[in-house]
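Student: Predicted model follows, preceded by the sequence.
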Amino acid sequence: MSLKVLFNLNTSLYIRRQNILNSRYFASTTEKDVIVGNEKSIYETAEETPIYDFEQQERNEELERKRNKSRLNPQHRNMLLGQRPYNESIEWFHNTVKYKKRMLGRYGIKAVEVPAGFAWPTPEEVEDMKEYERVAYPYSIQEEWDKIKEKNRKEAEAIKAREADISQKMAKLDKWINDLNSRLAKKEADILQAKKNKERLIQEVREQLGYAVSVNDEKFKAAMAEKEKEQKKILKMAKKKLKEEKMLAKSAKVSQNNENVTTVPSSDEPIK
């Protein structure tokens, strides 16, 4: 046997042994094996898929567990990392369609263990939704639009009327301010006049009883009350006289108007 044949045989046996070991412990062979004669080619290893290393996965999980210093509950940590809280159902409502729809919407298709078609409504639910739409929104789009336009028109009219009212009141603002100032000035003048009248009455009582009499003396208080009573009587008589004069002036004006009406000739009488 030649040296070349021996070398090829040893190489083939070595490659076969390596392929067997790799396929048994580390990799799975593919269906696309290249066959040279009755033996597999050396290029077979390039087409193989590695088998998942479970020991490495366990080491990674242990490492992640040691790295986790947050002291959060597992479900809260999953939520923080954008994953569904529970990997398996804990409560009864975790198996409901509503909860699974929520998980699907928040965490994606990987968060549910069933096909996403469960989120689609059933024909009965579609009919119920249609019935709700017919009851809750009985008007057509055009009718709803007309109602909105009418509502906006009324609101615009109300705003316009309010603005017009404000404009009218602002136009009268100066007059109101002047009237208020006049009333305040009149009130202050009345208070000042009342104070002067009281001082005058006190002066008259002191002239009558003597300056040595105290203001808190009962005799002084009685004389002061009598003076105030006389003053009120005088004011009352003055108001009554002023009222009578106004009534006389008004009656005289009315009688004069009546005389003017009687002296005007009617249009039916011939002019002489």
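Tutor: That came in fine, so what should we check first?
Student: can we go C-alpha only for contacts and neighbour counts from here?
Tutor: OK.
Student: Doesn't residue 87 lie inside a helix?
Tutor: No: per DSSP: H, G, I helix; E, B strand; the rest coil, residue 87 lies outside any helix segment and is coil.
Student: quick one, phi psi at it?
Tutor: Reported as degrees, to the nearest 10, the phi and psi values for residue 87 are phi -80, psi -20.
Student: same question, residue 96
Tutor: phi -80, psi 160.
Student: ranges for the helices of the stretch 101-250 of the chain?
Tutor: Using DSSP state H, counting those that start in this stretch, the helices found in the stretch 101-250 of the chain span residues 123-136, 141-171, 173-209, 218-263.
Student: Dump these into a markdown table; add distance to residue 95, mean neighbour count and mean pLDDT as well.
Tutor: Formatted as a markdown table, those follow (distance: least, C-alpha to C-alpha, whole Å; neighbours: other C-alpha atoms under 10 Å; pLDDT from 0 to 100):
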| stretch | distance to residue 95 | mean neighbour count | mean pLDDT |
| --- | --- | --- | --- |
| helix 123-136 | 19 | 11 | 92 |
| helix 141-171 | 39 | 12 | 94 |
| helix 173-209 | 71 | 13 | 86 |
| helix 218-263 | 95 | 12 | 80 |
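Student: Turn those into a markdown table, columns for distance to residue 81.
Tutor: Compiled in a markdown table, those are given as follows (distance: least, C-alpha to C-alpha, whole Å):
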| stretch | distance to residue 81 |
| --- | --- |
| helix 123-136 | 34 |
| helix 141-171 | 44 |
| helix 173-209 | 66 |
| helix 218-263 | 92 |
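Student: Relative to residue 88, which of those helices is closest?
Tutor: Among the helices of the stretch 101-250 of the chain, the nearest to residue 88 by C-alpha to C-alpha is helix 123-136 (27.8 Å).
Student: Grab the CA positions of the closest one and hand them over as PDB.
Tutor: Once side chains and other backbone atoms are set aside, the C-alpha atoms of helix 123-136 remain, and they are given as PDB (Å, rounded to 0.1, in the frame of the first residue of the first chain):
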ATOM      1  CA  PRO A 123     -69.400  37.700  14.700                       C
ATOM      2  CA  GLU A 124     -71.600  38.000  17.700                       C
ATOM      3  CA  GLU A 125     -69.400  40.800  19.200                       C
ATOM      4  CA  VAL A 126     -69.400  42.500  15.800                       C
ATOM      5  CA  GLU A 127     -73.200  42.500  15.800                       C
ATOM      6  CA  ASP A 128     -73.300  43.900  19.300                       C
ATOM      7  CA  MET A 129     -70.900  46.700  18.400                       C
ATOM      8  CA  LYS A 130     -73.100  47.500  15.400                       C
ATOM      9  CA  GLU A 131     -76.200  47.600  17.500                       C
ATOM     10  CA  TYR A 132     -74.400  49.900  20.000                       C
ATOM     11  CA  GLU A 133     -73.400  52.200  17.300                       C
ATOM     12  CA  ARG A 134     -77.000  52.400  16.000                       C
ATOM     13  CA  VAL A 135     -78.400  53.200  19.500                       C
ATOM     14  CA  ALA A 136     -75.600  55.500  20.700                       C
END
